[in-house]
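1. the sequence and its predicted three-dimensional model are supplied below.
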Amino acid sequence: AQSVSQHNHHVILSEAASLELGCNYSYGGTVNLFWYVQYPGQHLQLLLKYFSGDPLVKGIKGFEAEFIKSKFSFNLRKPSVQWSDTAEYFCAVNAHSNTGKLIFGQGTTLQVKP
Amino acid sequence: ETGVTQTPRHLVMGMTNKKSLKCEQHLGHNAMYWYKQSAKKPLELMFVYSLEERVENNSVPSRFSPECPNSSHLFLHLHTLQPEDSALYLCASSQGLEGQGFFGQGTRLTVV
């Protein structure tokens, strides 16, 4: 069965530290890839997405992600985190573009200390 | 304001009750979704509607019954639920089925 794995469940960083959150998926075909963020008390919001083209994708708030097809990975990065980045981050994969079926990872809770 | 509005925000119901969750999207999208978010588990897709037709039913028990009367509204009818159905139920919408969803804030359901 298709699955999405986020290796880090809880990450604690100080402000200005660099961030990398891992995401791996299990599906051999064409995929669309997403990172969502959920700030405390708020709804899920799209950070960035990859459909095709340049595998390095830039999103909102200084986040970027790199699609490495050979590694089935789509890791999220930010060079310098801020306290306001404290949130839960979800990686998601759409392996069947004609059904809208998104498969989510378990999420990573990021806590940024001021 | 997310563009996707869910009501109620919180719901407590007994196992013999019947209730409905409502979702409305103001984005002009043509696809709508129900997801379940349980503690310590990934979001699970429950149902997908495209152009008001169900295109995905992810092995959801029949005690959950979706309804999509038009492209802007989606309901989830609940009856004879179990305590393990307690979760956050999220609605999402999208234009097309490539997967990018705009999510509502969810309904926190507690079954007692």
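-> It's in.
2. please pull out the lowest mean pLDDT helix or strand from chain B.
-> strand B:53-57 (a mean of 81; mean pLDDT, DSSP states H and E).
3. contacts for that strand next, please.
-> A:98, A:99, A:100, A:101, B:45, B:46, B:47, B:48, B:49, B:66, B:68, B:97 (Cβ atoms under 8 Å, 6 or more residues apart in numbering or on different chains). To be clear about C-beta, it is placed using only N, CA and C from the backbone, and glycine gets the same treatment.
4. show the buried residues in these.
-> Buried members of the contacts of strand B:53-57, scored by 16 or more other Cβ atoms under 10 Å in any protein chain shown, are A:99, A:100, A:101, B:45, B:46, B:47, B:48, B:49, B:66, B:68, B:97.
5. in strands, which of those appear?
-> B:45, B:46, B:47, B:48, B:49, B:66, B:68 (DSSP state E).
6. elements contacting the helix or strand hosting residue B:74?
-> Taking DSSP states H and E as the criterion, the element that holds residue B:74 is strand B:73-79. Using 3 or more Cβ pairs under 8 Å, 6 or more residues apart in numbering or on different chains; DSSP states H and E, the elements in contact with strand B:73-79 are strand B:18-25, strand B:31-37, strand B:44-50, strand B:64-70.
7. tell me what the one residue sitting closest to the centre of chain B is bridged to.
-> Residue closest to the mean C-alpha point of chain B, counted by Cα atoms, centre = their mean, is residue B:34 at 3.1 Å. Judged by DSSP bridges, the bridge partners of residue B:34 are residue B:47, residue B:91.
8. what bridges to the closest residue to chain B within chain A?
-> With Cβ to the nearest Cβ, the shortest gap between chain A and chain B falls at residue A:94, namely 3.0 Å. Beta-bridge pairing for residue A:94 (DSSP bridges): residue A:32, residue A:102.
9. what about it, distance to residue B:97?
-> From residue A:94 over to residue B:97 the distance is 8 Å, taken as Cβ to Cβ, to the nearest Å.
10. just to check, residue B:69 is in contact with residue B:49?
-> No. Residue B:69 is beyond contact range of residue B:49, at 10.2 Å (criterion: Cβ atoms under 8 Å).
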